[in-house]
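Asker: quick one, fold the following:
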Amino acid sequence: MTAETAMVLLTGASVVAAAISIGVARSARDEANRANLLSSAANSIAREANRLAEDSNSVARGAAESAAEANQLYSETNAIARAAAETARNVPVEVAWDEALVAIAALQTANPADPREQVGPLLTALRTRTFLLIDRLGWEDGFGKWAAHEHRRGVLLMREALEKAAALAQRTGGLSADQMMDVNEEFWKWVVAYTQNVRRFRRVGPEPETFVRLAAIARAEWKAVCARNGWPEDPDNIPGLAPLDEAEPGPGGDGSA
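Answerer: Predicted coordinates:
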């Protein structure tokens, strides 16, 4: 083989190798292009995924805010409902307070020294309105006992004013306005004090120790009225009557009030 023949063969091999290299390079370039396309597509997908994630986060934040607002509204609604229920429960009690105070206030213009004064309806209203108030309050702390002693005190002061006025009128032939006011003074002072105390307990609520103290004062006062007028004291309890849970069964009945 001559040098020229060898050169031709080598050149041919080089051409083939070059062709192969070019093919490989083109194939690599195509693969690179496809890889770039895939990378671009992947980046696009990733960007879309990020956008969707941001949208999801925004929706989640909106849902959380809506839930928080709903919880706040629920709490406010419950508070309003509780307040409304409490108000509804308090209405009968407040009405009873009002009516009891109106019954007491009606005594402020009463004139027990005048025999023509119709005090019966006033006392009936006072007793009834006070019973209703006691029942609706349900204070198991001496409020009812104090009120009972105050009522007895008031009735006895009215009787005392009536009898003093009658005795004075018999001696003088009649009572002047000043004499009438003097005779009624103790009763009217009692009405003012009783009104103030009832209004106080409406504001501050039950005070058991104060009820006990005021009941003792009222009891001592009505006993003093009986003593200075020579009247027999009425018993604290009506004979033959007792609370239902304390009554002993008797012939023909259960012995209860």
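Asker: quick check: His174 vs Val119, distance?
Answerer: Let me fix one detail, which is that residue 174 is Gly and not His. Separation of Gly174 from Val119 (C-beta to C-beta, to the nearest Å): 21 Å. The way it works is simple: take the backbone N, C-alpha and C, and place the C-beta from them, glycine included.
Asker: neighbours of Arg159, how many?
Answerer: Counted with other C-beta atoms under 10 Å, the neighbours of Arg159 add up to 17.
Asker: and it, what pLDDT?
Answerer: According to the prediction, Arg159 has pLDDT 96.
Asker: and for Ile45?
Answerer: Listed pLDDT for Ile45 reads 82.
Asker: pull out the buried positions in stretch 169-178.
Answerer: For stretch 169-178, burial by neighbour count (16 or more other C-beta atoms under 10 Å) applies to 169, 175.
Asker: what stretches of the stretch 151-257 of the chain score poorly on pLDDT?
Answerer: 236-257 (pLDDT under 70).
Asker: Lys223 sits in which helix or strand?
Answerer: Element membership for Lys223 (DSSP states H and E) is helix 208-229.
Asker: may I see the buried residues of that helix?
Answerer: Here helix 208-229 shows 210-211, 214-215, 218-219, 221-222, 225-226 as buried, counting by 16+ other C-beta under 10 Å.
Asker: please identify which pair of these lies farthest apart.
Answerer: The distance between the two most remote of those (C-beta to C-beta) is 24.8 Å, for Thr210 and Cys226.
Asker: thinking again about what came up before, and the helix holding Lys223, how far from the chain's centre?
Answerer: Taking C-alpha atoms, centre = their mean, to the nearest Å, one finds helix 208-229 lying 35 Å from the centre of the chain it belongs to.
Asker: which helices and strands sit right next to it?
Answerer: When contacts are defined as 3 or more C-beta pairs under 8 Å, 6 or more residues apart in numbering; DSSP states H and E, helix 208-229 packs onto helix 143-172.
Asker: give me the buried positions along the helix it packs on.
Answerer: Neighbour-count burial for helix 143-172 flags 143-162, 164-165, 168-169 (criterion: 16+ other C-beta under 10 Å).
Asker: so how far is the following helix or strand past it off the chain centroid?
Answerer: Once the chain leaves helix 143-172, the next helix or strand it forms, by DSSP H and E, is helix 177-204. Helix 177-204 sits 32 Å away from the centroid of its parent chain (C-alpha atoms, centre = their mean).
Asker: repeat that for stretch 217-237.
Answerer: So, by C-alpha atoms, centre = their mean, the centroid of stretch 217-237 is 41 Å from its chain's centroid.
Asker: and the contacts of that stretch?
Answerer: By C-beta atoms under 8 Å, 6 or more residues apart in numbering, the residues outside stretch 217-237 that reach it are 146, 149-150, 152-153, 156-157, 160, 163.
Asker: nearest to Thr130, of the residues you listed?
Answerer: Distance to Thr130, by C-beta to C-beta, is smallest for Glu150 among these, at 8.9 Å.
Asker: can you give me the distance of the closest one to Thr109?
Answerer: On the measure of C-beta to C-beta, Glu150 and Thr109 end up 19 Å apart.
Asker: cool, Ser39 as well?
Answerer: 102 Å.
Asker: likewise for Gly120?
Answerer: To Thr109, Gly120 is 16 Å away according to C-beta to C-beta.
Asker: got it, and Trp146?
Answerer: Here the criterion is C-beta to C-beta. By it, Trp146 lies 24 Å from Thr109.
Asker: list the contacts for Leu137?
Answerer: The contact partners of Leu137, by C-beta under 8 Å, 6+ apart, come to 93, 96, 143, 206.
Asker: switch to 7 Å and redo it
Answerer: Going by C-beta atoms under 7 Å, 6 or more residues apart in numbering, Leu137 touches 93, 143.
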